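Colleague: How does the following fold in three dimensions:
(4 chains)
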4 protein chains.
Amino acid sequence: MLLVMHKDATGEEIDAVTVAVTENGYTPRPVPGGERLSIGILHNKGPVDGAKFLAMKGVKEAIPVTRPYKLVSREFKQEDTVITVKGVEIGNGGSTIIAGPCAVESEKQAMTIAERVQEAGAHIFRGGAFKPRTSPYSFQGLGLEGLKILAKVREKTRMPVVTEVLDYENFDLVEEYADIVQIGTRNMQNFSLLRRAGLCKKPVVLKRGFAATIDEWLMAAEYILSEGNGEVILCERGVRTFVNHSRNTLDLSAVPVVKRESHLPIIIDPSHAAGRRDQVIPLSRAAVAVGAHGLMVEVHNAPEKALSDGPQSLYPEQFDLLCRQVMAIHGNLEENGDDRV
Amino acid sequence: MLLVMHKDATGEEIDAVTVAVTENGYTPRPVPGGERLSIGILHNKGPVDGAKFLAMKGVKEAIPVTRPYKLVSREFKQEDTVITVKGVEIGNGGSTIIAGPCAVESEKQAMTIAERVQEAGAHIFRGGAFKPRTSPYSFQGLGLEGLKILAKVREKTRMPVVTEVLDYENFDLVEEYADIVQIGTRNMQNFSLLRRAGLCKKPVVLKRGFAATIDEWLMAAEYILSEGNGEVILCERGVRTFVNHSRNTLDLSAVPVVKRESHLPIIIDPSHAAGRRDQVIPLSRAAVAVGAHGLMVEVHNAPEKALSDGPQSLYPEQFDLLCRQVMAIHGNLEENGDDRV
Amino acid sequence: MLLVMHKDATGEEIDAVTVAVTENGYTPRPVPGGERLSIGILHNKGPVDGAKFLAMKGVKEAIPVTRPYKLVSREFKQEDTVITVKGVEIGNGGSTIIAGPCAVESEKQAMTIAERVQEAGAHIFRGGAFKPRTSPYSFQGLGLEGLKILAKVREKTRMPVVTEVLDYENFDLVEEYADIVQIGTRNMQNFSLLRRAGLCKKPVVLKRGFAATIDEWLMAAEYILSEGNGEVILCERGVRTFVNHSRNTLDLSAVPVVKRESHLPIIIDPSHAAGRRDQVIPLSRAAVAVGAHGLMVEVHNAPEKALSDGPQSLYPEQFDLLCRQVMAIHGNLEENGDDRV
Amino acid sequence: MLLVMHKDATGEEIDAVTVAVTENGYTPRPVPGGERLSIGILHNKGPVDGAKFLAMKGVKEAIPVTRPYKLVSREFKQEDTVITVKGVEIGNGGSTIIAGPCAVESEKQAMTIAERVQEAGAHIFRGGAFKPRTSPYSFQGLGLEGLKILAKVREKTRMPVVTEVLDYENFDLVEEYADIVQIGTRNMQNFSLLRRAGLCKKPVVLKRGFAATIDEWLMAAEYILSEGNGEVILCERGVRTFVNHSRNTLDLSAVPVVKRESHLPIIIDPSHAAGRRDQVIPLSRAAVAVGAHGLMVEVHNAPEKALSDGPQSLYPEQFDLLCRQVMAIHGNLEENGDDRV
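Modeller: Have a look, this model is predicted:
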């Protein structure tokens, strides 16, 4: 943390800041500049809250120098975290494909789609049992019945299943049935849910909030790691911008940034970013090419009849094409070297 | 809902859409255009999910014509909702001022600030007992002890108190102690929390998500109303944009829009929008001038020592000035007529 | 400028950076931290381009400490710039009202509106002769004929007139006829236009680019001042965000920030921010309350027939109300003190 | 255009709207809905300005149904536009690579880089002679001298050259020396520059404004085509969002959208989007994978000494890697089929 003083800050004001830094247990270090003085804050163990110093007279700005996160950081743990679920690896250089419908609607629907996506190349099945919906009048998911259907899908196909948990109340239930528990974009800063996820024995997919910075996202992951669960898979799914030709704007530069800053794997959800089917395949290719560790894609056997997110769900034959294309790109990257320069 | 067909949609595709609309229980109405056909969807009781039609062949766009919300809408209830808490009215033409520290830190701190803001003109006391924090390592609030301090403040000053509830688990506790329960910006789409708030016997302040549209915000309120609690106070607190001179960008046009679309009262939180003390007084004046029903402002007797949000908390003497200025503007508006033209 | 080095930067890398700073004519000052070293750059006369240092090995971040602008800054010139045009002052504590139609359509239209807004309380008349239009097929303004009509309006009403200049080619013409020359939001970084405006003998209204930071906006003004024209009036007109209930989001916190950072006057254009008539009066009240030096408002005698921007133009009787309300608020602020705390 | 009437619009109001639509030369078509009436506007040749109708009593919303652009649209011209410059094709299924320094600094610098990027696989050389700079005190380019250097590069390497034109005044000069003329992001809505580009005999690269919608971008291209120049290359270079880990957010979904809506080729500039070197290679891979017709990349032989944009310029050996990787991905896409499903 660097405190930049006003050009005309008085000696008294500077002294007061120096004292305050010391009183807070840090070491102040004056940094004389051409026009003004700055004061460095040293020997802080965790992040420093600049707020209290910014509030003091004579202080113009408080500039954070080190990152606020710790356990999730690459500086803390150098090697990539690789997560293995029933034999499927995420984060180990491969491109793991998670696919399935937005919501589990019936055993027949789930099983039909599961077998179809597995055949095409998917490694993990996704399907919502509890659905977060903007409107209280929309379909809210099958609940426990949906979880039981997911269990049957796993039993039959041997694919691990991932499904979303909406709240603390149902966490035990979801944890019992799912192989991977998903926390959605609207819950990225639901801190009691994050703490509970930290006690979870299963890996957690943590979607980025649709208006979250990477710092905030990594701090949300830090909540989970700080409670003891180190198996977090980050999932970029688009951010809210002024752009109106897609539902959200997929922020692919998040991939190299997260891979530099953190050891956690990062996957991409092109379906929710686009919100429209015709952008999903191109964005999936881009996601694999940019270096993501995997994809999470919505597929439905009859999108026009889907109870939610139909317009962004791929037809099965589109998913075939997607798998062929991304596998080719991925294989290619392996041969030609990743972004390690 | 209006379905716009592609220019070259075939007769078969058009028929299929018409049939699908009928099968979903609506009435299709073809609208021939100069270049293409559109199909109106009539006799829908609630909002229509355009997704399923957008997914059909030949459909270019699905344009919603009516709003998705119902109970919160001005069309549903013409007259303003006025909420009365221990004699203090919100939404009845006055400008209700809620003030206090970000977090309750001690009985002495809370009582000192409470008496000071009451003297200056505040009607309701605010103070956080459970704090949502980006970092798991930051101060998380005093919890139950904080709630008990709030109760003492109420007893002594006779001011109603508002405090935030973070999760379902602590809702009973917060409901017991608070006069008004606050749901924060990060929880605006925490749907189980919203449902629980709908069963709450106390009024609820619902902060706008920092990247939420007004439709999403009103739908979040709709969750609360649909469970039976009609006493919702909307609170605009800034939205996330590219702008970097304030923490968020205060969206004041939300006030006339919400007042036109809904019967619920709307107040403004300039402190969190600005994130810096020196913008709070100007934005407070603007908030009252634009027609908000009230303000929620952070005040601290020693901001430089505050455990959270110090840099945006006003000094007591600044709050005096704020009250004088906004009361003058408010009195003025009453004489010169509001935005009723 | 502060260069933050990587935690594991080598002594050689640090030396190379130190040498480079010196070679560029600055003075390097090492700032040892707890975990890493930073290097301050001193004795720079103008802004330092951090790019070249950021590109060096071992450098993690380049953090600007001082502002990039000079002539426009409050540090450079303490007292407010007050601009006087034919007896009308802008920036001297008053609230100057500029009003008129989006485009000059005919002498009769312009004169009718001009007399009407003058009667209501406007001080300056606005009207476009050259119109920037998104579509090449839209009405592009009357050109020279429009300028001549503006001259007649000035002659008859004695109000100064402001009109937009679109390009270098027509600058002489616009400068000849206008009392104040306006540079629009899309031209805020049209640098040859800015330089030409710097040679202009008339004051310039510089609208903020709809996605410009305040730094970029002030740097655009710096272009004008650096060529010799010190009479720049800044005009905030809304920024582009994800918000969809108004055309743009009016960024009122720009007012206290600009007033702190610069000596130039700042006015607000609520019409283009809102894009809809029913938000213009509330936002105008807010603009005056927040402390702006004036307003620029679109008024039309028959908005439904306007050749451009009809939906956001006020009816004359609405403008009467606007003037009454903002004058009352302004008078009030004068009595109760501005945001000087 | 569809005019949605208020629920309680009177018969008189409806009649007035119907008459107004007719008077404007269109055909009104009433569309009765369940709760309210809508009125379709037919037989419009160009885009309809909804403003004038939105301003009428009883009208709630004016919803555009057809796109505002014409000459640039895929509906107008089905087949892809392929642009050929000195034997290099853009838009014909290949992946054209444009590379070079941000600014031409000297003949030696330009020639060194040109030979190096050509060897690596670049097809076209880029280099700025006139530079748009936020600050009037920054390096503004070599001007005519820079153009002459570009001509020498072309002569020696046989690569076509692209360079930016900043204003109308220098357009003749730039057109004379360049093979492709570039219009920058800040000039995307500089309408007199666009008109001049429409008279240009050379192809034009039109960068997307950093806060422009695709509709606005295509309308800017429409200005150029409407003056007679059909050779426009669209270039996506990132949009401004709240995201702070890259300078801008690269909007890759623009590629499938533009390819669907328009026949013009679209390329990607990852350097300006990222603003930092370490994101350029991953984003380049993503750009080619998403289906762009080419890349425009900044490369410098000594980025740490570059006079502008050093931190985002690749080292030559990084550019080698980039070319190898994107060519592999591109070859791959050709084998596995593009996004044509």
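
Colleague: can you confirm A:Y223 is in a strand?
Modeller: No. Judged by DSSP: H, G, I helix; E, B strand; the rest coil, A:Y223 forms no part of a strand; its state is helix.

Colleague: Any stretches of the stretch 1-150 of chain A with poor pLDDT?
Modeller: A:32-34, A:43-47, A:64-67 (pLDDT under 70).

Colleague: got the residue ranges for the helices in it?
Modeller: A:11-23, A:51-54, A:107-120, A:144-157 (DSSP state H, counting those that start in this stretch).

Colleague: And the contacts of the second one?
Modeller: Same thing as helix A:51-54. For helix A:51-54, the external contacting residues (Cβ atoms under 8 Å, 6 or more residues apart in numbering or on different chains) are A:1, A:3, A:17, A:20-21, A:24, A:41, A:59, A:61-62, B:276, B:304-306, B:308-311. C-beta: built from backbone N, CA, C; applies to glycine.

Colleague: Keeping just the C-alphas, turn the top helix by length along chain A into PDB.
Modeller: Counting residues, the longest helix in chain A under DSSP state H turns out to be helix A:316-336. Provided in PDB are the C-alpha atoms of helix A:316-336 (Å, rounded to 0.1, in the frame of the first residue of the first chain):
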ATOM      1  CA  PRO A 316     -27.000 -32.500 -30.500                       C
ATOM      2  CA  GLU A 317     -25.600 -32.400 -34.000                       C
ATOM      3  CA  GLN A 318     -24.200 -28.900 -33.300                       C
ATOM      4  CA  PHE A 319     -22.500 -30.300 -30.200                       C
ATOM      5  CA  ASP A 320     -21.000 -33.000 -32.400                       C
ATOM      6  CA  LEU A 321     -19.400 -30.300 -34.500                       C
ATOM      7  CA  LEU A 322     -18.300 -28.300 -31.500                       C
ATOM      8  CA  CYS A 323     -16.500 -31.300 -30.100                       C
ATOM      9  CA  ARG A 324     -14.800 -32.100 -33.300                       C
ATOM     10  CA  GLN A 325     -13.600 -28.500 -33.700                       C
ATOM     11  CA  VAL A 326     -12.400 -27.900 -30.200                       C
ATOM     12  CA  MET A 327     -10.600 -31.200 -30.000                       C
ATOM     13  CA  ALA A 328      -8.800 -30.400 -33.200                       C
ATOM     14  CA  ILE A 329      -7.800 -27.000 -31.900                       C
ATOM     15  CA  HIS A 330      -6.700 -28.400 -28.600                       C
ATOM     16  CA  GLY A 331      -4.600 -31.100 -30.200                       C
ATOM     17  CA  ASN A 332      -3.000 -28.500 -32.200                       C
ATOM     18  CA  LEU A 333      -2.100 -26.300 -29.300                       C
ATOM     19  CA  GLU A 334      -0.400 -29.300 -27.700                       C
ATOM     20  CA  GLU A 335       1.800 -29.700 -30.700                       C
ATOM     21  CA  ASN A 336       2.500 -26.000 -31.200                       C
END
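
Colleague: got the angle between that helix and helix D:316-336?
Modeller: Angle of helix A:316-336 versus helix D:316-336, following axes from the mean of the first three to the mean of the last three Cα atoms, to 10 degrees, is 150 degrees.

Colleague: near chain B at all, helix A:316-336?
Modeller: No. Shown here: helix A:316-336 not in contact with chain B (Cβ under 8 Å from any Cβ of the partner chain), separated by at least 12.0 Å.

Colleague: Show the secondary-structure elements that that helix is packed against.
Modeller: strand A:96-100, helix A:107-120, helix A:280-290, strand A:294-298, helix D:316-336 (3 or more Cβ pairs under 8 Å, 6 or more residues apart in numbering or on different chains; DSSP states H and E).

Colleague: Filter the contacts of helix A:51-54 down to the buried ones, PyMOL style.
Modeller: Paste this into PyMOL to select the buried members of the contacts of helix A:51-54, with burial taken from 16 or more other Cβ atoms under 10 Å in any protein chain shown:
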select buried, (chain A and resi 1+3+17+20+21+41+59+62) or (chain B and resi 276+304+305+306+308+309+310+311)
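
Colleague: filter the contacts of helix A:51-54 by proximity to chain C?
Modeller: Okay, of the contacts of helix A:51-54 touching chain C (Cβ under 8 Å from any Cβ), that's A:E61.

Colleague: among the contacts of helix A:51-54, which are in strands?
Modeller: A:3, A:41, A:59, A:61-62 (DSSP state E).

Colleague: Identify the farthest-apart pair in the residues you listed.
Modeller: A:I41 and A:E61 (13.0 Å; Cβ to Cβ).

Colleague: residues shared between the contacts of the two?
Modeller: Contacts common to A:I41 and A:E61, judged by Cβ under 8 Å, 6+ apart, are A:L3.

Colleague: sorry, back to before: return the most buried member of the helices of the stretch 1-150 of chain A.
Modeller: Ranked by mean neighbour count, the helices of the stretch 1-150 of chain A are led by helix A:51-54 with a mean of 22 (mean count of other Cβ atoms under 10 Å in any protein chain shown).
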